[in-house]
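Trainee: pasting the structure only:
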Ligand SMILES: Cc1cc2nc3c(=O)[nH]c(=O)nc-3n(C[C@H](O)[C@H](O)[C@H](O)COP(=O)(O)OP(=O)(O)OC[C@H]3O[C@@H](n4cnc5c(N)ncnc54)[C@H](O)[C@@H]3O)c2cc1C
């Protein structure tokens, strides 16, 4: 277990002496799989998970093996956030070094846009701090092209005040996909930066927040996160939520506090990814027919208040 930069530096020295290649693991979400061969030494940063917040300066120092869920839990308690992953189990390391798209990306940029500095153990085992004014070439490379440049043991991020978001998913009938996706495209072209949306064609997972009648059915989900004034968010989402009501099966967009907002949206994405994996993301004919017959779940309760799963 690697606990600090000195451990990492010692490991790199050992690998160099033994003629071993080195690879790094942070959150373990590398889509292509880690390039491990017989002569590869894996540095697993799971022991480096600390997150420190300087609320006054709106900065976070995050250890190289932390997951986005570690970060969200601590930063959210201060009403602060930065762009992380759509899913909370992704590593801060790999996601930031590759750019990093998340629920706040349109408002606050990529995760790497919010990177202020990084502590890096180089192949020579020297520990350096890269930022806009030190080791500037290395710093530029780390912000999006950062794989195999060294082992990052600490990331420093800029934070933003995020108190309330409107987040969740609109679940739509798969056979209305063309109509829904056209509305999604139109809104994407005009929506303010406060709105980040993802359209997913998948099979509804048996998650607690999904009505049982939808479980296993093909759906199109517009997952969205509005980071700004909630009333404006409601108005911006209206074309999808109201005008396209005929296509909407279930509306789970709702207000949520910042410390849980990211987790709520991430939970949705996590279930969708898991379901897509289980079902091989196939939309079979029987399921399509069943979906056509599925009850439409109105997003409003009989009292007229917005119902569904309100994310808290
Ligand atoms: C289910 C899933 C969901 C995803 N969601 C998103 C998303 O919402 N937004 C997005 O932008 N991307 C997303 N991705 C892509 C993801 O960002 C990349 O796969 C990323 O590399 C994963 O980082 P990791 O730390 O979890 O993975 P790891 O497998 O641990 O690391 C991947 C590579 O990153 C490098 N690395 C990681 N940490 C360090 C470090 N501290 N120092 C030096 N090098 C390091 C290493 O080269 C390593 O091989 C997703 C991937 C999956 C599988």
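Mentor: Okay, I see it. No experiment lies behind these values; they were computed from the predicted model shown.
Trainee: going by C-alpha atoms from here, please, whenever you check contacts or count neighbours.
Mentor: Noted.
Trainee: low-confidence stretches in this protein?
Mentor: Scanning the chain for pLDDT under 70 picks out 1-3, 31-37, 209, 242-312.
Trainee: near the ligand, which residues of it show up?
Mentor: For the chain, the residues in contact with the ligand (CA under 6 Å from any ligand atom) are 23-31, 34, 64-65, 85-87, 90-95, 100-102, 147-148, 150-153.
Trainee: can you flag the buried ones in the residues you listed?
Mentor: Restricting the residues of the chain next to the ligand to buried positions leaves 23-28, 64-65, 85-87, 90-95, 100-102, 147, 150-153, with burial counted as 16 or more other CA atoms under 10 Å.
Trainee: in strands, which of those fall?
Mentor: Judged by DSSP state E, these include 23-25, 151-153 as members of strands.
Trainee: mind listing what residue 12 touches?
Mentor: 22, 123-125 (CA atoms under 8 Å, 6 or more residues apart in numbering).
Trainee: please repeat the previous calculation with a cut-off of 7 Å.
Mentor: Counting by CA atoms under 7 Å, 6 or more residues apart in numbering, residue 12 touches 123, 125.
Trainee: check which helix or strand it maps to.
Mentor: Taking DSSP states H and E as the definition, one finds residue 12 inside helix 5-18.
Trainee: same deal with residue 52?
Mentor: Assigned by DSSP H and E, residue 52 belongs to strand 51-54.
Trainee: quick one, phi psi at residue 185?
Mentor: Main-chain dihedrals, residue 185, degrees, to the nearest 10: phi -60, psi -40.
Trainee: count of residues packed around it?
Mentor: Applying other CA atoms under 10 Å, we find 13 residues neighbouring residue 185.
Trainee: ok, it to residue 239 distance?
Mentor: From residue 185 over to residue 239 the distance is 12 Å, taken as CA to CA, to the nearest Å.
Trainee: can you name the element that comes right after the helix or strand containing residue 180?
Mentor: Using DSSP H and E, residue 180 sits within helix 177-190. Counting by DSSP H and E, the element after helix 177-190 in chain order, helix or strand, is strand 195-203.
Trainee: by contact count, what packs against that following strand?
Mentor: helix 105-108, strand 218-227, helix 258-279 (3 or more CA pairs under 7 Å, 6 or more residues apart in numbering; DSSP states H and E).
Trainee: helices or strands next to the first one in the packing?
Mentor: Counting contacts by 3+ CA pairs under 7 Å, 6+ apart, helix 105-108 packs against strand 195-203.
Trainee: partner strands of the strand it packs on, with direction?
Mentor: The strands that strand 195-203 pairs with in its sheet are strand 218-227 (antiparallel) (by DSSP bridges).
Trainee: which residues does the strand it pairs with contact?
Mentor: 103, 164-174, 177, 194-204, 233, 283, 287-288, 291.
Trainee: between the helix holding residue 180 and strand 218-227, how big is the angle?
Mentor: 20 degrees (axes from the mean of the first three to the mean of the last three CA atoms, to 10 degrees).
Trainee: quick check: buried residues in helix 177-190?
Mentor: Using 16+ other CA under 10 Å as the burial criterion, the residues of helix 177-190 that qualify are 177, 180-181, 184, 187.
Trainee: what is the end-to-end distance of stretch 198-214?
Mentor: One end of stretch 198-214 sits 20 Å from the other (CA to CA).
Trainee: now do it: distance to the chain's middle.
Mentor: Centroid separation for stretch 198-214 versus its chain: 18 Å, with CA atoms, centre = their mean, to the nearest Å.
Trainee: and if you look at stretch 117-132?
Mentor: Centre to centre, stretch against its chain (CA atoms, centre = their mean), the figure for stretch 117-132 is 26 Å.
Trainee: quick check: end-to-end length of that stretch?
Mentor: Start and end residues of stretch 117-132 are separated by 7 Å (CA to CA).
Trainee: list the contacts of it.
Mentor: Contacts to stretch 117-132, defined as CA under 7 Å, 6+ apart, come from residues 5, 9, 12-13, 116, 136, 138-139, 150-156.
Trainee: most widely separated two among these?
Mentor: 13 and 116 (27.8 Å; CA to CA).
Trainee: residue contacts, the residue nearest to residue 206 when sequence neighbours are not counted?
Mentor: In space, and not counting its chain neighbours, residue 206 is closest to residue 215: 5.1 Å by CA to CA, 6 or more residues apart in numbering. Neighbouring residues of residue 215 by CA under 7 Å, 6+ apart: 204-206.
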